[in-house]
Every structure is written in structure tokens, then in C-alpha cells.
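Enquirer: no sequence on hand, only this structure:
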């Protein structure tokens, strides 16, 4: 069952900024310059939708965006965003239940995979990979799994986040899975940037 962020939707962005400042925002915004004009985008788990307004600052028209988000309250907030003259299809579904008949130029998964257990990650990643065009871009942002080698504060913060989101939103995962292996076979890194003392990773991958 997909996590449901309805309970904390009104305060989600505030909580994020209290803990991480603008680092979560900067990690995602830093990748938006790779979105091509007139492109077709899939955003998976877009949350409150602020990213739509940031995209509109770069592309005020002619993008087609499928915005897939299972939380009803997150979707209400997202629909209020300024999307310019871009076409945005708001789809209130978990990504596992979403089907598309055309492939995408760009897929974005902002802080999405950290919600999933490893078995589900493989299924979802395979689905998204099939939906991305050859040479398409996968814009990935999430927290870093360093195999337990990171500083103690990262481990404590990650533990607190998992406990909090499991209790409030019912996320499936209990631990952060390293996503590197999923991309290694069919993707090359265009750019990778770290944020928040290297605890956040933002990568533009190109499908080869």
C-alpha cells in the first residue's frame, strides 16, 4: 500500500525547511535546466507541487506534464500552483497503478524511492525505465545511502525521519536503499551534486 501524506500535507514544506533549509529545494531546482523545451515529463510523488512553479519559471509554455501523486491533500495544493501555459495532468494514483501509452523525455522522482521497500523499488524502477525514451533524462533526488559509513548525525536523522513518516504517513520502508545499482546498467551520469553536507544527492541520468 502506498504511503499517504494527507495528514501532514499542510505543513510538509514547513517541516522540510525547518530541518533542511532550502537544500531539498536547491537539489531539485538545480536539475530543472536539463528539461528540454516542448518536452513530455513525468513527475512521481510531487508533494505540494511547488516544483511546478519552478519549472514554469524556466518553461512558461508547451510542456506536457503528468503529475502522479497518491495523496488527495497534496493534490489539492498542487492544483493551485501556477503552471503557466504548460499542460499538467494531475493523476491521483500510486505510481504502481499508473499506466501511460507514450514515453517521456524526462522522469523526475523527488525524494520518492526512500519511501519504498527494496522489493517494490525493483518493480517501480523497471516500470519507470520502460516509460523513459532512449536518451531521455531521469532526474533523481534523494538522501544518500553510504553503506553505514556516514557521520553519526546522518544515521540519527535518518532514523528519526523513518520513524516519523512511518507513524504519520505509513511509509513502507524501514531503511534507505542504495539506488546506484539500478541506474548502473542502462544510464550514464550527466551531473551529480551533493547538498546538506553530502546527505542529499541530485543526479541527472541519461538513458543509454
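Expert: Perfect, thanks for sending it. Nothing here was measured: the structure is a model prediction, and the numbers come from that model. Numbering: from 1, shown residues only.
Enquirer: averaged pLDDT, the longest helix belonging to the chain. What do you get?
Expert: If each helix of the chain is counted by residues according to DSSP state H, the longest one is helix 152-169. For helix 152-169, the mean pLDDT works out to 94.
Enquirer: one more: stretch 12-29?
Expert: Stretch 12-29 shows a mean pLDDT of 96.
Enquirer: in that stretch, which residues are buried?
Expert: For stretch 12-29, burial by neighbour count (16 or more other CB atoms under 10 Å) applies to 12-13, 16, 20, 23-29. From N, CA and C alone the C-beta is placed, and that goes for glycine too.
Enquirer: go on, stretch 117-137?
Expert: Quick answer for stretch 117-137 (16+ other CB under 10 Å): 120-121, 124-125, 128-129, 131-132, 136-137.
Enquirer: measure the one residue sitting closest to the centre of the chain to residue 144 for me?
Expert: By CA atoms, centre = their mean, the mean C-alpha position of the chain lies nearest to residue 110, the distance being 1.6 Å. Between residue 110 and residue 144 the computed distance is 15 Å (CB to CB, to the nearest Å).
Enquirer: and residue 84, by the same measure?
Expert: Taking CB to CB as the measure, residue 84 falls 33 Å from residue 144.
Enquirer: with residue 5 instead?
Expert: Applying CB to CB, the value for residue 5 to residue 144 is 22 Å.
Enquirer: more neighbours, those two?
Expert: Ranked by neighbour count (other CB atoms under 10 Å), residue 5 and residue 144 place residue 5 first, with 23 against 18.
Enquirer: any idea which residue of the protein is furthest from its center?
Expert: Going by CA atoms, centre = their mean, the residue of the chain most distant from its centre is residue 152, 25.3 Å out.
Enquirer: separation between that residue and residue 159?
Expert: With CB to CB as the criterion, residue 152 and residue 159 are 11 Å apart.
Enquirer: again, but for residue 63
Expert: Remark: distance between residue 63 and residue 159 (CB to CB) = 38 Å.
Enquirer: these two: who's more crowded?
Expert: Neighbours per residue (other CB under 10 Å) separate residue 63 from residue 159, with residue 63 holding more: 25 against 12.
Enquirer: first to last residue in stretch 19-32, what's the distance?
Expert: Taking CA to CA, to the nearest Å, the span from the opening residue of stretch 19-32 to its closing residue is 23 Å.
Enquirer: begin at 191, not 1, for the rest of this chat.
Expert: Okay, residue one is now 191; in that scheme the one you just asked about reads as stretch 209-222.
Enquirer: just the angle between the longest strand anywhere in the chain and helix 342-359, please?
Expert: Selection of the longest strand in the chain by residue count, based on DSSP state E, yields strand 322-333. Interaxial angle of strand 322-333 relative to helix 342-359 (axes from the mean of the first three to the mean of the last three CA atoms, to 10 degrees): 110 degrees.
Enquirer: who touches strand 322-333?
Expert: Strand 322-333 is contacted from outside by 214, 217-218, 221-222, 224-225, 293-304, 318, 348, 366, 369, 373, 377, 380, 389-398, using CB atoms under 8 Å, 6 or more residues apart in numbering.
Enquirer: and those, which of them are buried?
Expert: Going by neighbour count (16+ other CB under 10 Å), the contacts of strand 322-333 have 214, 217-218, 221-222, 225, 294-304, 318, 348, 366, 369, 373, 377, 389-397 buried.
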